[in-house]
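In: got a structure for you, letters missing:
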Ligand code: S3P
């Protein structure tokens, strides 16, 4: 299928509440499943990835009711999880796969995890190897990928040093450590998003994070207590419109009720450093998660240099940073971002390939890219491709707003993974002058 992408010569305007945060929606389902009592989730993201987690939890015996964005998880504690009748479908969701590996590693049954072709190419030994330190046994394909068999068994406490900066891996280790009879310590390579830690604290877990923000100590508790979780708007979804607001002349957008957890706000810091006209109005935090409203206006941008330390705080927004850089006045450089090669697509290759079609001067590095921005692009090819990657598809749809003629996008259905209403919301902001 293809989608026609048209420019927005008058800019984007208006106010938009974006759907719920993907990371927090996954975690609310999982913690609700192992807690005791009814966990309610408001503003749940009903995107394909989170629905994958929901279906997998149902397959291991958890009762979940959903009406649109409102979900009730009927938790019956750890023992409420039971052996699935068949393989668990992970579809395109890396978060589901990795978090469930940790969750299921300590349950007294075997589970098989299978994924779509893109997910089946992604590395999973990054989870199975450190899980082994806690006594977990996960068998992968010879390539270290799905399909996986999780041989659930009793786990033991341990100190685990992580070798990759990944919140998914960290969360898998925390979910496993919760099931071990004693205190475990998990040390991160670099601080990554801490939604699992904050939500576990709200559910009554014995978990602390040291002042270095990357040493997590976790011990078992008799039970976790069901909560009412209010999911904030997903900053990673809002980021598409924030970048649109910054790069499409004559734009002014307001995005309220966003999650502004400092482990996720790298994109706001990048926008500020590049000189974007941005205003952040904080709101009271909920369950430790910062929130607020962001308003953005279009204007000239300066180039930027980003390295490994900057990457975890904007890992999902790096394709958008490349787009911002393509519109900036000068040369930008992103390095230390090798993780992009193992996302839903090889995002270094796909960003470079697709932005080059728009005439953007972009050079691929092993762990990043160099982008030389300029105000006008000379379009070389009008058919863009999402490569089956939701974030690449949405980034290209935003890029097309600045083009001088209509373009086409193939594989646009990929956006449903994290933002099913993306094109509807984009049309609203284009028409809302
Ligand atoms: C996620 C963590 C990130 C991110 C993904 C969601 C999470 O992955 O890219 O979209 O919910 O923990 P890594 O932690 O593997 O970088």
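Out: Perfect, I can see it now. Keep in mind the model is a prediction, meaning the values are calculated, not measured.

In: drop to CA atoms for contacts and neighbour counts, all remaining ones
Out: Will do.

In: what does this protein have sitting close to the ligand?
Out: Applying the criterion C-alpha under 6 Å from any ligand atom, the portion of the chain that neighbours the ligand consists of 23, 95, 166-168, 315-316.

In: So which of those sit within helices?
Out: Counting by DSSP state H, the residues of the chain next to the ligand place 23, 95, 167-168 in helices.

In: How about residue 292, nearest residue that isn't a chain neighbour?
Out: Distances taken as C-alpha to C-alpha, 6 or more residues apart in numbering put residue 282 closest to residue 292, at 4.1 Å, once the chain neighbours are dropped.

In: Confirm that that neighbour sits in a strand.
Out: Yes. Counting by DSSP: H, G, I helix; E, B strand; the rest coil, residue 282 is located in a strand.

In: For it, grab the count of nearby residues.
Out: Burial measure for residue 282: 16 neighbouring residues, criterion other C-alpha atoms under 10 Å.

In: Show the contacting residues for it.
Out: Shown in contact with residue 282 (C-alpha atoms under 8 Å, 6 or more residues apart in numbering): 290-293.

In: Including pLDDT, secondary structure and neighbour count, could those go into JSON lines?
Out: Output for those, formatted as JSON lines (pLDDT from 0 to 100; DSSP: H, G, I helix; E, B strand; the rest coil; neighbours: other C-alpha atoms under 10 Å):
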{"residue": "290", "pLDDT": "98", "secondary structure": "strand", "neighbour count": "17"}
{"residue": "291", "pLDDT": "98", "secondary structure": "strand", "neighbour count": "23"}
{"residue": "292", "pLDDT": "98", "secondary structure": "strand", "neighbour count": "19"}
{"residue": "293", "pLDDT": "98", "secondary structure": "strand", "neighbour count": "18"}
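
In: Give me the phi and psi angles of residue 60.
Out: According to degrees, to the nearest 10, the main-chain angles of residue 60 amount to phi -100, psi 30.

In: what sits against it?
Out: When contacts are taken as C-alpha under 8 Å, 6+ apart, residue 60 is in contact with 81-84.

In: what's the pLDDT at residue 404?
Out: Residue 404 carries a pLDDT score of 89 in this model.

In: How much space separates the closest residue to residue 94 other than its chain neighbours from residue 282?
Out: In space, not counting the residues next to it along the chain, residue 94 is nearest to residue 119; the distance is 6.6 Å by C-alpha to C-alpha, 6+ apart. When distances are taken as C-alpha to C-alpha, to the nearest Å, residue 119 and residue 282 turn out to be 36 Å apart.

In: Residue 395 now?
Out: When residue 395 is compared with residue 282 (using C-alpha to C-alpha), they lie 26 Å apart.

In: next one: residue 53
Out: Between residue 53 and residue 282 the distance, using C-alpha to C-alpha, works out to 31 Å.

In: Likewise for residue 324?
Out: From residue 324 across to residue 282, the span is 24 Å (C-alpha to C-alpha).

In: same thing with residue 61?
Out: Relative to residue 282, residue 61 is positioned 40 Å away (criterion: C-alpha to C-alpha).

In: Tell me, how many residues neighbour the closest residue to the ligand within the stretch 301-433 of the chain?
Out: Among the residues of the stretch 301-433 of the chain, residue 316 lies closest to the ligand, at 5.2 Å counting by C-alpha to the nearest ligand atom. Applying the criterion other C-alpha under 10 Å, we find 19 residues in the vicinity of residue 316.

In: so what's it up against?
Out: Residue 316 makes contact with 236, 391, according to C-alpha under 8 Å, 6+ apart.

In: Next, residue 74: secondary structure please.
Out: Going by three-state DSSP, the secondary structure assigned to residue 74 is strand.

In: mind putting the ones in helices among the residues of the chain next to the ligand in CSV, neighbour count and pLDDT included?
Out: As requested, those are arranged in CSV below (neighbours: other C-alpha atoms under 10 Å; pLDDT from 0 to 100):
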residue, neighbour count, pLDDT
23, 22, 99
95, 23, 98
167, 22, 98
168, 23, 98
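
In: What does the residue lying closest to residue 147 once chain neighbours are set aside show for phi and psi?
Out: Closest residue to residue 147 in three dimensions, ignoring its sequence neighbours and counting by C-alpha to C-alpha, 6+ apart: residue 114, at 4.7 Å. The main-chain torsion angles of residue 114 are listed as degrees, to the nearest 10 and equal phi -130, psi 150.

In: re earlier: what's the farthest-apart pair in the contacts of residue 60?
Out: Based on C-alpha to C-alpha, the longest span within the contacts of residue 60 runs between 81 and 84 and measures 8.9 Å.

In: Identify the contacts common to the two.
Out: Taking C-alpha under 8 Å, 6+ apart as the contact rule, residue 81 and residue 84 both touch 60-61.

In: The two: which is more packed in?
Out: Each of residue 81 and residue 84 has its neighbours counted (other C-alpha under 10 Å); residue 81 has more, 22 against 17.

In: got the contact list for that one?
Out: Applying C-alpha under 8 Å, 6+ apart, one finds that residue 81 lies in contact with 33-34, 60-62, 107.

In: would you list those residues in JSON lines and tack on pLDDT and secondary structure?
Out: Rendered in JSON lines, the data for the contacts of residue 81 read as follows (pLDDT from 0 to 100; DSSP: H, G, I helix; E, B strand; the rest coil):
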{"residue": "33", "pLDDT": "98", "secondary structure": "helix"}
{"residue": "34", "pLDDT": "98", "secondary structure": "helix"}
{"residue": "60", "pLDDT": "98", "secondary structure": "coil"}
{"residue": "61", "pLDDT": "98", "secondary structure": "coil"}
{"residue": "62", "pLDDT": "98", "secondary structure": "coil"}
{"residue": "107", "pLDDT": "98", "secondary structure": "coil"}
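
In: who wins for most neighbours among those residues?
Out: If you rank the contacts of residue 81 by neighbour count (other C-alpha under 10 Å), residue 33 sits at the top with 31 neighbours.

In: sec struct for the residue of the chain positioned farthest from its centre, please.
Out: Among the C-alpha atoms of the chain, the one most distant from their mean position (C-alpha atoms, centre = their mean) is that of residue 378, at 31.9 Å. Following three-state DSSP, the label given to residue 378 is coil.
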